[in-house]
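In: Just need the structure, nothing else, for what follows:
(chains A, B, C and D)
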There are 2 protein chains.
Amino acid sequence: MSLDTRSALIEKATSLVRRQGYSGFSYADLAEAVRIRKPSIHHHFPSKEDLGVAIVAAYTERFATLLEQAAAQHQDPVGRLNAYAAMYRLGIETREGCLCGVLAREMAILPPRLQIGVRQFFNLNLRWLEQVLDLGHKESQLHPLIVAHREARTVLATLQGAMSLALALDDPEVFEQAVAGLLDRLRVPEG
Amino acid sequence: MSLDTRSALIEKATSLVRRQGYSGFSYADLAEAVRIRKPSIHHHFPSKEDLGVAIVAAYTERFATLLEQAAAQHQDPVGRLNAYAAMYRLGIETREGCLCGVLAREMAILPPRLQIGVRQFFNLNLRWLEQVLDLGHKESQLHPLIVAHREARTVLATLQGAMSLALALDDPEVFEQAVAGLLDRLRVPEG
DNA sequence: GCAAAGCTACCTATCAGAAGGTAGGCGTGT
DNA sequence: ACACGCCTACCTTCTGATAGGTAGCTTTGC
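Out: Numbers count the residues shown, from 1 in each chain, chains lettered A, B, ... in the order given. Sure, this is the predicted structure:
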């Protein structure tokens, strides 16, 4: 089993989608990137939809692992939120948007299985953020007005939007400033 | 001069891009929507890029008008921010993302003229928000920590992200909650 | 006054290239 | 022996785009 080729396909396809969108990347692009002939891709992924499902699954799995690590390495809610922001920063550096953030913009023409995958990714993020924010509330490290369920949506939306905006304006500072504005106001007013 | 057909093309093309992305919509789709033959589109817009430039220009112009109206109708910063959020709400209702928010996700494969148009749209939004937030600071209606330049980025990012997220999860409440979390914390602590 | 000339807005027919996908063959490793 | 991984060759459908034509205004010259 050529795991190498298969994972290379997933990796390169992920990069392409994150830069160009799902309908904006082609088997021809991918074949060139992996240095394989176009029809050989079908040997690993019968259809483009199958490939799409695979890259969303792999992306979500990797993201879930990173979330667990972030929770393990940081006990305090503020530290966890910073770690969460740092995950997005990686994409800014490589000029690649969040895979599911990109796919979300073409939801209407995505195969159903991909739509489901995108929603699962966002729900995973929301659940994690909700727990972090809830903890922050209980430990009084975060702004008292916080309602975790609602606030998780604000945080995810801001991170996703900040990433998209920074990439569009080709200015990493836009991301830093947008996120700083969010996190500053999430912390307790004074102290 | 058939202004009707031309503006119908711009309107329908805008809808299609907002739902499916730039590379996700085709002349065939558009021709069907406007009830015209495919090659006739070229009579009004020689190339897809020309059409793209036209719809971004029209969208930005309309948005600029709405921003002016919002500023005229609301003197207070909080009212202006609510009016700004209401503009996004329109898209949620029709299930169409922000045109430039969608285009931002495929920046890498957009013709240069379209890239410039997208950046202009965002910069227009940032300038407007900066003025509103600056006014809010001076009038002490907004949180004292606010630095307008930075905070404008947070607001734009959150609105864009909230819209994208709500459409992906097919749940308007996600937008409402995300935005409520933002605006609540932008207001003065206890006032 | 009115016809020739040109413009506008659309049509049919067609194009070359790229899209995703299929069929079948050829080496290689076990 | 045979399954795996990749190849060449090919197919269909769709892409944006062109060519050339037609009907119906509007303008122009005399």
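In: same question for stretch A:94-112, mean pLDDT?
Out: Mean pLDDT, computed over stretch A:94-112, is 97.
In: can you tell if it touches chain B?
Out: Yes. Using C-beta under 8 Å from any C-beta of the partner chain, stretch A:94-112 reaches chain B at A:95, A:97, A:100, A:101, A:102, A:104, A:105, A:106, A:107, A:108, A:109. Just so you know, the C-beta spots here come from the backbone N, C-alpha and C atoms, and that holds for glycine as well.
In: Spatially central, which residue of chain A would that be?
Out: By C-alpha atoms, centre = their mean, chain A has its centre lying nearest to residue A:98, at 4.0 Å.
In: Pop out the phi and psi values for that residue.
Out: phi -70, psi 130 (degrees, to the nearest 10).
In: residues contacting it?
Out: A:18, A:88, A:91, A:160, A:163 (C-beta atoms under 8 Å, 6 or more residues apart in numbering or on different chains).
In: Now the last one: which helix or strand?
Out: By that I understand residue A:163. helix A:148-168 (DSSP states H and E).
In: Give me the residues contacting the helix or strand following that helix.
Out: Downstream of helix A:148-168, the next assigned helix or strand under DSSP H and E is helix A:172-186. Under the criterion C-beta under 8 Å, 6+ apart, residues A:78, A:81-82, A:85, A:88-89, A:92-93, A:136, A:142-143, A:146, A:151, A:154-155, A:158-159, A:161-163, A:165-166, B:143, B:145, B:147, B:149-151, B:153-158, B:185-186 lie in contact with helix A:172-186.
In: do stretch A:115-132 as well
Out: Applying C-beta under 8 Å, 6+ apart, the contact partners of stretch A:115-132 are A:52-53, A:56-57, A:59-60, A:63-64, A:67, A:71, A:77, A:80-81, A:84, A:99-100, A:103-104, A:107, A:110, A:148-149, A:151-153, A:155-156, B:165, B:168-169.
In: Which of the residues you listed are buried? Put it as a PyMOL command.
Out: Here is the PyMOL selection string for the buried members of those, based on 16 or more other C-beta atoms under 10 Å in any protein chain shown:
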select buried, (chain A and resi 52+53+56+59+60+63+67+71+77+80+81+84+99+100+103+104+107+110+148+151+152+153+155+156) or (chain B and resi 165+168+169)
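In: Show me which residues of chain A sit near DNA strand D.
Out: Residues of chain A lying close to DNA strand D (C-beta under 7 Å from any atom of the strand) are A:1, A:2, A:4, A:5, A:36, A:37, A:38, A:39, A:40, A:43, A:44.
In: To what extent is the third one buried, counted in neighbours?
Out: The one in question is residue A:4. As a burial measure, residue A:4 scores 9 neighbours (other C-beta atoms under 10 Å in any protein chain shown).
In: about what we covered before: buried members of the contacts of residue A:98 into PyMOL, please.
Out: Buried members of the contacts of residue A:98 can be picked out in PyMOL with the line below, counting by 16+ other C-beta under 10 Å:
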select buried, chain A and resi 18+88+91+160+163
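In: can you put the contacts of residue A:98 in TSV and add distance to chain B and pLDDT?
Out: Putting the contacts of residue A:98 into TSV (distance: C-beta to the nearest C-beta, whole Å; pLDDT from 0 to 100) gives the following:
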residue	distance to chain B	pLDDT
A:18	9	98
A:88	11	98
A:91	12	98
A:160	4	98
A:163	8	98
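In: just curious, which of the contacts of residue A:98 is nearest to DNA strand C?
Out: residue A:18 (15.5 Å; C-beta to the nearest atom of the strand).
In: Spell out, range by range, the helices that occur in chain A.
Out: A:3-20, A:27-34, A:41-44, A:48-73, A:77-93, A:99-104, A:112-138, A:148-168, A:172-186 (DSSP state H).
In: by contact count, what packs against the shortest one?
Out: Going back to what we said before, that points to helix A:41-44. For helix A:41-44, the packing partners by 3 or more C-beta pairs under 8 Å, 6 or more residues apart in numbering or on different chains; DSSP states H and E come out as helix A:3-20, helix A:27-34.
In: Pick the most buried one from those helices.
Out: Neighbour counts (mean count of other C-beta atoms under 10 Å in any protein chain shown) averaged over each of the helices and strands packed on helix A:41-44 peak at helix A:3-20, with a mean of 18.
In: what does that helix contact?
Out: Applying C-beta under 8 Å, 6+ apart, the contact partners of helix A:3-20 are A:24-25, A:29-30, A:33-34, A:36, A:41, A:44-45, A:51-52, A:54-55, A:58-59, A:91, A:95-99, A:102-103, B:23, B:106, B:108-109.
In: And that helix, how far out from the chain middle?
Out: Between the centre of helix A:3-20 and the centre of its chain there are 15 Å (C-alpha atoms, centre = their mean, to the nearest Å).
In: go on, stretch A:7-22?
Out: 13 Å.
In: anything in it near DNA strand C?
Out: No. On the criterion C-beta under 7 Å from any atom of the strand, stretch A:7-22 is out of touch with DNA strand C, staying 8.6 Å away.
In: Kindly report the same for stretch A:28-40.
Out: Yes. Counting by C-beta under 7 Å from any atom of the strand, DNA strand C has neighbours in stretch A:28-40: A:28, A:29, A:38, A:39.
In: got it, and stretch A:103-115?
Out: No. Applying C-beta under 7 Å from any atom of the strand, one finds stretch A:103-115 out of contact with DNA strand C, separated by at least 9.3 Å.
In: Show me how far that stretch is from its chain's centre.
Out: 15 Å.
In: do stretch A:38-48 as well
Out: 25 Å.
In: buried residues in it?
Out: A:41, A:44, A:45, A:48.
In: Which residue, neighbours along the chain excluded, lies closest to the second one?
Out: If you skip the residues right next to it in sequence, residue A:44 has residue A:6 as its closest partner in space, 5.0 Å away by C-beta to C-beta, 6 or more residues apart in numbering or on different chains.
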